[in-house]
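In: Sequence below, structure please.
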Amino acid sequence: MSEQNITRIYQGDKEIIIIGTAHVSKHSAEQVKEVIELERPDTVCIELDEQRYQSIMADDQWKKMDIFKVIKDKRATFLLINLFISSYQKRLAKQMGIKPGQEMIQGIESAKEIGSRLVLADRNIQITFSRIWHGLGFWGKIKLLSQISLGIFSKDDISEEELEQLKTQDMLDAMLNEFSHSFPDLKTPLIDERDQYLSQKIKEAPGNKVVAVVGAAHVPGIKKEIDKEHDLKKLNRIPPKSKAPKIIAWSIPLIILGIIGYTFYLNPIAGYNQAMSWLLWNGLFAAIGAAIACGHPLAIMTAFLVAPFSSLNPLLAAGWFSGLVQAYIRRPKVEDFESLADDVISIKGFWTNKVTRILLIVVFTNLGSTLGTFVAGANIFSLFIKNM
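Out: Down below sits the predicted model:
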């Protein structure tokens, strides 16, 4: 058996065998099967949490999704970003002729075959996303979303040899250094904290022989952290939300209304122009967002009519209304949910699938409404200065 991509750690009588994998590599899945069958460990740890475990094992997960509930629960943006990220991995996996996460599935199946215990060793993905989002500033969030989009829409093919190169130590260090430089705030919750979490769960796994199946990017960190003690409760804690965004969100509409009201008092015509500016710019940009997502005419009209008023209430968003109208008029069929996993591989698929089109309408309408708020706000302030 080749020891390439395998790390052995000894703690007293306990042997921990870490397999560093590439998530869309045939060789990784084959190596996982070979190692588990040969070593016959007491426990197999895999880099999954309960949510991703259920997702990866259930082929019909999308059929159970209620798109109306997704919108009402304000999860449309999160779900769309999730689909964006998974689309890149699925595209590579399709190119390599392997199911995404096959090495994790193989670890699960091999553990069952030899009677080993299975430990889900990764932190809950929702907690990781929350800690990532909390740690990024406004421009950091914009930069992250831009990088994700560029990665998704890139047409570059990656060879199997290049994927295997990513698992060599030198290449890995270079990747992490570049990643740390581009997103220093992102690396901590995405890599460092999960290295600590994974190392603690692997170390606590029962039995004298443990095989851990993890992405290659985590291997150096696990080796560094596994001899230390880590507080899992602390790593699972979601940071409290800052009050500043909420204060700003309520302050902007109050300031806008105050300026329009005072301008009406000074000059009713100028005040009327300000009010019309707010209505038109908000409605126009929100409608453009819905149109870019290929919304139904009634969804576009809803975006136009609702945006000026939802922008004045931080508890509401125009995209929710346009998305619900789209979902009601163009209700997704069973085949839309069944084909969702395949459709998100391509840019065209995001727009043609009725499920993802609804999500795009929600997000693009909200983005348009936000842009319209800034444009209208600047115009209102300009008119206010002129009439002082």
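In: Quickly list the domain ranges of the chain.
Out: As given by automatic domain parsing, the domain ranges for the chain are 6-235, 244-386.
In: which of the ones you listed is buried the deepest?
Out: By mean neighbour count, with neighbours taken as mean count of other CB atoms under 10 Å, domain 244-386 ranks first of these at a mean of 19. Using the backbone N, CA and C atoms, a C-beta is placed for each residue, glycine as well.
In: could the domains of the chain go into CSV alongside mean pLDDT?
Out: As requested, the domains of the chain are exported to CSV (pLDDT from 0 to 100):
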stretch, mean pLDDT
domain 6-235, 78
domain 244-386, 87
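In: Assess the claim that His134 and Arg237 are in contact.
Out: No - at 10.8 Å, His134 does not count as touching Arg237 under the criterion of CB atoms under 8 Å.
In: In contact with Ala212, which residues?
Out: The contact partners of Ala212, by CB atoms under 8 Å, 6 or more residues apart in numbering, come to 16-19, 44-47, 121, 198, 202, 205, 222.
In: Which members of those are the farthest-apart pair?
Out: Largest separation among those by CB to CB: Val44 and Ile222, giving 15.3 Å.
In: For Leu266, see how far away Asn387 is.
Out: 6 Å (CB to CB, to the nearest Å).
In: Over to Glu225?
Out: 64 Å.
In: and if you look at Ser322?
Out: Distance, Ser322 to Leu266, by CB to CB: 36 Å.
In: just Pro189 next, same as before
Out: Using CB to CB, one gets 50 Å for the distance from Pro189 to Leu266.
In: which residues in the stretch 1-150 of the chain form helices?
Out: All helices of the stretch 1-150 of the chain, identified by DSSP state H, counting those that start in this stretch, fall at 26-39, 50-57, 67-72, 76-96, 102-114, 125-135, 138-153.
In: again with the stretch 151-300 of the chain
Out: Under DSSP H, counting those that start in this stretch, the stretch 151-300 of the chain gives helices at 160-165, 169-182, 184-187, 193-204, 219-225, 232-235, 244-266, 268-292, 297-310.
In: which one of the ones you listed lies closest to Phe381?
Out: Phe381 lies closest, by CB to CB, to one member of these: helix 244-266, at 6.7 Å.
In: and that closest one, C-alpha only, in PDB?
Out: Coordinates of each C-alpha in helix 244-266 appear next as PDB, following Å, rounded to 0.1, in the frame of the first residue of the first chain:
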ATOM      1  CA  ALA A 244     -24.400  48.500  14.400                       C
ATOM      2  CA  PRO A 245     -25.900  47.100  11.200                       C
ATOM      3  CA  LYS A 246     -29.400  47.100  12.800                       C
ATOM      4  CA  ILE A 247     -28.900  50.700  13.900                       C
ATOM      5  CA  ILE A 248     -27.800  51.700  10.400                       C
ATOM      6  CA  ALA A 249     -30.600  49.800   8.800                       C
ATOM      7  CA  TRP A 250     -33.200  51.700  10.700                       C
ATOM      8  CA  SER A 251     -31.400  55.000  10.600                       C
ATOM      9  CA  ILE A 252     -31.200  55.300   6.800                       C
ATOM     10  CA  PRO A 253     -35.000  55.200   6.200                       C
ATOM     11  CA  LEU A 254     -35.600  57.500   9.100                       C
ATOM     12  CA  ILE A 255     -33.100  60.000   7.700                       C
ATOM     13  CA  ILE A 256     -34.600  59.700   4.200                       C
ATOM     14  CA  LEU A 257     -38.100  60.300   5.500                       C
ATOM     15  CA  GLY A 258     -36.900  63.200   7.700                       C
ATOM     16  CA  ILE A 259     -35.200  64.900   4.700                       C
ATOM     17  CA  ILE A 260     -38.200  64.500   2.400                       C
ATOM     18  CA  GLY A 261     -40.600  65.700   5.100                       C
ATOM     19  CA  TYR A 262     -38.500  68.800   5.900                       C
ATOM     20  CA  THR A 263     -38.100  69.500   2.200                       C
ATOM     21  CA  PHE A 264     -41.800  69.400   1.800                       C
ATOM     22  CA  TYR A 265     -42.100  71.900   4.600                       C
ATOM     23  CA  LEU A 266     -39.600  74.300   2.800                       C
END
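In: I'm done for today, thanks for sticking with me.
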